[in-house]
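show me the folded form of this:
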Amino acid sequence: MEAPLAGSTEDTSIQISLINTPQLEEDTLLENYLHRLELFLRLLGFCQYSALSTALSWFAFIVIGIALPFYINEYSYCADCQKYQIRVFELQVLIFQVILAAISLLCISHNLRKYGLRKLLFVDRYRGHMVQYRDLYIQRIYDFFHVLALWGIPCFLLKIAREVAHAIYVRHDPWWESVVTVIALLVSWTYLTMIFLSGTALFNLVCNLQVIHLENFGKLLERDLDVSVYIEEHMRLTNYLSKISHRFRIFLLLEFLGVTVSLFIALLQTTGNHGILNLINGGDFGVSSIVELVGIILCLAGAAKITHRAQGIASVASRWHAYIACHSIGASQMGTPTNSGNLEAANPIDVLPMYYSESDMESVDYVPMPTNTQLASYMSSYRKWQSFVTYLQTNPGGFTVYGWVIDRILINTAFFIEFSLVSFVLGKTVSITTR
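Residues are numbered from 1 along each chain as shown. This next block holds a predicted model:
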């Protein structure tokens, strides 16, 4: 498609920005960030683009993530150190850590191998190189690494403190053997933890990148465009949301079930063995629980945020339509002409800015009042706007898992189910004797 002429109207330029049009200049800055992200994922074994890379990835996972920690756990076991080492605790923590990391590696590597990084993130060479999206894309990719560092470093420090204390109280080998053992355990734990957190953070990144497009679509409703353009753009965004749901539903469901079972067993073990439990022999439960909760919160927060933004579009459009309809009826009853000049004299209107909150759970949309010039155009297309609002209300969109929409209501439901499960387990494992 040829570039628009300098004398093109505003509507034409906006429609061109809505449709995928190739950009003439290469955006090397965005390319560099995408290359860094792909390199990071490749180091963790997610980029299994060939048979050789797949074999190397799973070989490293088996050696570093499975064989090494199980061997050290068997080698350093002390039968007379139950006060500071409970073998069942360590094995259960390790098994669920391996399971969650394997789910993340399997699902994310499958999507990357099938679609590639750009298509998985929906940062194609058309929309990804648009100036208004470039900086936002880069910021979201930067946030991906920031989230991993923000949660990974504190958990890593807690793991170091636990392993050092465990080595001091349990192991009586020469000091250099204890140091090698601690380092090997830390390497294995960091490897598995980063695979799990990177998978959940990548899903959160995919959701945040789509939030950019949904917020931009809300701002486009301020413009005087043809309704068919809005419908076409919304259908494209809804198609993207459907693809994201299809690609990540197994991943989200398995991770949620794995975390739930892991926390259930952790609670069962800690409450059933509360008499011998301390920070040294049960510290791994605390560290693993923090990591698992962080991962599942990243997934649920990203899914709920993208659903909230998608469903909020119908609210914005319906408020616009109601405002236009009320002014149209008022003007006809008062016999006010519908030309822009008389409307401007009768209804002076200030334009309010639209604000989108960055919070995952709070978003307030301040809809700017349309100008009087826009009112005259909107009055002639009342039926088109009515059909557009009806379309949005019947097609809200959002992230779904086999028909279940991941929104705030579902998250609250999941929370109370988990809380009921915890209360039931506590009631069965903790008894209070009264006289």
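
list the contacts for residue 411?
Residue 411 sits next to 300, 304 when contact means Cβ atoms under 8 Å, 6 or more residues apart in numbering. Quick note: C-beta positions are derived from backbone N, CA and C, even for glycine.

Three-state assignment for it, please.
Three-state call for residue 411 (DSSP: H, G, I helix; E, B strand; the rest coil): helix.

low-confidence ranges in the stretch 1-150 of the chain?
Within the stretch 1-150 of the chain, the segments meeting pLDDT under 70 span 1-27, 77-85, 124-132.

give me that answer again for 90
Where the stretch 1-150 of the chain drops to pLDDT under 90, the residues are 1-32, 71-93, 118-119, 122-137.

so which residues of it form helices?
Under the criterion DSSP state H, counting those that start in this stretch, helices of the stretch 1-150 of the chain are mapped to 10-18, 28-43, 51-60, 68-75, 87-121, 131-169.

could you give the angle of the longest one to helix 28-43?
Angle, helix 131-169 to helix 28-43, by axes from the mean of the first three to the mean of the last three Cα atoms, to 10 degrees: 30 degrees.

buried residues in helix 131-169, which are they?
Of the residues in helix 131-169, 133-134, 136-138, 140-141, 144-145, 147-148, 151-152, 155-156, 158-159, 162-163, 166-167, 169 count as buried by neighbour count, 16 or more other Cβ atoms under 10 Å.

hang on, the earlier thing: in TSV, list the helices of the stretch 1-150 of the chain along with distance to residue 387.
Output for the helices of the stretch 1-150 of the chain, formatted as TSV (distance: least, Cβ to Cβ, whole Å):
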stretch	distance to residue 387
helix 10-18	19
helix 28-43	37
helix 51-60	49
helix 68-75	60
helix 87-121	32
helix 131-169	29
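
for the ones you listed, which one sits closest to residue 268?
Ranking the helices of the stretch 1-150 of the chain by proximity to residue 268 (Cβ to Cβ) places helix 87-121 first, at 9.8 Å.

can you spell out which helices and strands pack onto the closest one?
For helix 87-121, the elements it packs on are helix 28-43, helix 51-60, helix 68-75, helix 175-220, helix 227-272, helix 283-333, judged by 3 or more Cβ pairs under 8 Å, 6 or more residues apart in numbering; DSSP states H and E.

pull stretch 54-71 out as PDB, backbone CA atoms only.
The C-alpha coordinates for stretch 54-71 follow below in PDB (Å, rounded to 0.1, in the frame of the first residue of the first chain):
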ATOM      1  CA  THR A  54      15.200 -29.900  21.500                       C
ATOM      2  CA  ALA A  55      17.500 -32.700  22.500                       C
ATOM      3  CA  LEU A  56      20.000 -30.400  24.200                       C
ATOM      4  CA  SER A  57      17.300 -28.500  26.000                       C
ATOM      5  CA  TRP A  58      15.700 -31.700  27.500                       C
ATOM      6  CA  PHE A  59      19.100 -33.200  28.200                       C
ATOM      7  CA  ALA A  60      20.100 -30.100  30.200                       C
ATOM      8  CA  PHE A  61      16.700 -30.300  32.000                       C
ATOM      9  CA  ILE A  62      17.100 -33.900  32.900                       C
ATOM     10  CA  VAL A  63      20.700 -33.500  34.100                       C
ATOM     11  CA  ILE A  64      20.500 -30.100  35.900                       C
ATOM     12  CA  GLY A  65      16.900 -30.100  37.000                       C
ATOM     13  CA  ILE A  66      16.300 -33.800  37.900                       C
ATOM     14  CA  ALA A  67      19.400 -35.900  38.200                       C
ATOM     15  CA  LEU A  68      21.700 -33.400  40.000                       C
ATOM     16  CA  PRO A  69      19.300 -32.500  42.900                       C
ATOM     17  CA  PHE A  70      18.000 -36.100  43.300                       C
ATOM     18  CA  TYR A  71      21.600 -37.400  43.500                       C
END
